[in-house]
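In: heads up, no residue letters with this:
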């Protein structure tokens, strides 16, 4: 059994494809009527693209309901850390039937990198009011626990007890907590955020209606807080917490004491 991404990328294609297919939730394939054996939809289109550059420390999985879909329904990038560990570097989940919000391009058509480099405020407002979180171009598919079960199965098969990721947004960190992840770094910051969003706290006081993303009452939900943080309410850039999952174990961490997601 290969232990590194370099070894995985060097495997014969059929063996590698079978191994990396463990990372695709079966519920996702069933949802889109994708045959788990052929990875094709009823029209015969190959819906899963697996990219494994030889000699490179990463691989990517791209799943689309239809090859003509603009956005991947499931995109996963797994890479090697400087310490030789595997980590999930990037994850996207989209409902292809959901309305699309153009937060990924500004008014001039430039890439926003999901609002981290520049922003499309009108589209962000539309997305927020539709119940999306920062960085989402479409609603998700609500399969976090299915994904984590797949990740656990893959890393267990690869002989790893732990695997890592960075939470690119506040809401992501809370979702990963609920799925069983623990913090390598960032837990104290998450606790500070929770404390300061409570009445009388520093962040609570900054929800003054000065922007659409800092409305009174947003502290009550994960998404409300996340939009305020995306809008700069912390007074400094978001520092993505580093998190890890022990295969088969739910760490039971919870840093959010608000009312709901």
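Out: Noted; the coordinates are in hand. Predicted, not measured: the structure shown is a model, and the values here were computed from it.

In: what about the nearest residue to residue 107 once chain neighbours are set aside, how many neighbours?
Out: Leaving aside its sequence neighbours, residue 107 sits nearest to residue 120 (Cβ to Cβ, 6 or more residues apart in numbering; 6.4 Å). C-beta coordinates here come from the backbone N, C-alpha and C atoms, glycine included. Counted with other Cβ atoms under 10 Å, the neighbours of residue 120 add up to 20.

In: I figured residue 63 hits residue 24, correct?
Out: Yes. Applying Cβ atoms under 8 Å, one finds residue 63 in contact with residue 24, separated by 6.1 Å.

In: spit out the residues that contact these two alike.
Out: Residues touching both residue 63 and residue 24 by Cβ atoms under 8 Å, 6 or more residues apart in numbering: 48, 74.

In: and the residue nearest to residue 107, how far from residue 129?
Out: When distance is defined by Cβ to Cβ, to the nearest Å, residue 120 is 14 Å away from residue 129.

In: now residue 69
Out: 25 Å.

In: who has more neighbours, the two?
Out: Ranked by neighbour count (other Cβ under 10 Å), residue 69 and residue 129 place residue 69 first, with 14 against 10.

In: show me how far the host helix or strand of residue 223 is from its chain's centre.
Out: Assigned by DSSP states H and E, residue 223 falls within helix 222-230. Centroid separation between helix 222-230 and its chain, computed with Cα atoms, centre = their mean, to the nearest Å, is 15 Å.

In: adjust the sequence numbering to begin at 21 for everything that follows.
Out: All set: I'll call the first residue 21, so the last point we hit is now helix 242-250.

In: okay, now the sheet partners of the next helix or strand after that helix, with direction.
Out: Following helix 242-250 in sequence order, the next helix or strand is strand 262-266 (DSSP H and E). Using DSSP bridges, the strands paired with strand 262-266 are strand 182-186 (antiparallel), strand 202-205 (antiparallel).

In: what mean pLDDT does strand 262-266 get?
Out: For strand 262-266, mean pLDDT rounds to 98.

In: give me the distance from it to the chain's centre.
Out: Mean C-alpha position of strand 262-266 versus that of the full chain (Cα atoms, centre = their mean) differs by 14 Å.

In: cool, stretch 173-193 as well?
Out: Stretch 173-193 sits 11 Å away from the centroid of its parent chain (Cα atoms, centre = their mean).

In: in that stretch, what's buried?
Out: 174-175, 178, 180, 183-193 (16 or more other Cβ atoms under 10 Å).

In: just stretch 233-252 next, same as before
Out: By neighbour count on 16+ other Cβ under 10 Å, the buried set for stretch 233-252 is 233-235, 238-239, 241-251.

In: out of these, who's nearest residue 220?
Out: residue 239 (11.2 Å; Cβ to Cβ).

In: wait, is the closest one part of a helix?
Out: Yes. Using DSSP: H, G, I helix; E, B strand; the rest coil, the assignment for residue 239 is a helix.

In: contacts only, for the closest residue to it other than its chain neighbours.
Out: If the residues on either side of it in the chain are set aside, residue 239 comes closest to residue 217, at 4.0 Å by Cβ to Cβ, 6+ apart. Each residue near residue 217 by Cβ under 8 Å, 6+ apart is listed here: 223-224, 239, 245, 278.

In: with distance to residue 154 and pLDDT as extra columns, can I get those residues in TSV?
Out: Output for the contacts of residue 217, formatted as TSV (distance: Cβ to Cβ, whole Å; pLDDT from 0 to 100):
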residue	distance to residue 154	pLDDT
223	16	98
224	19	98
239	16	98
245	10	98
278	17	94
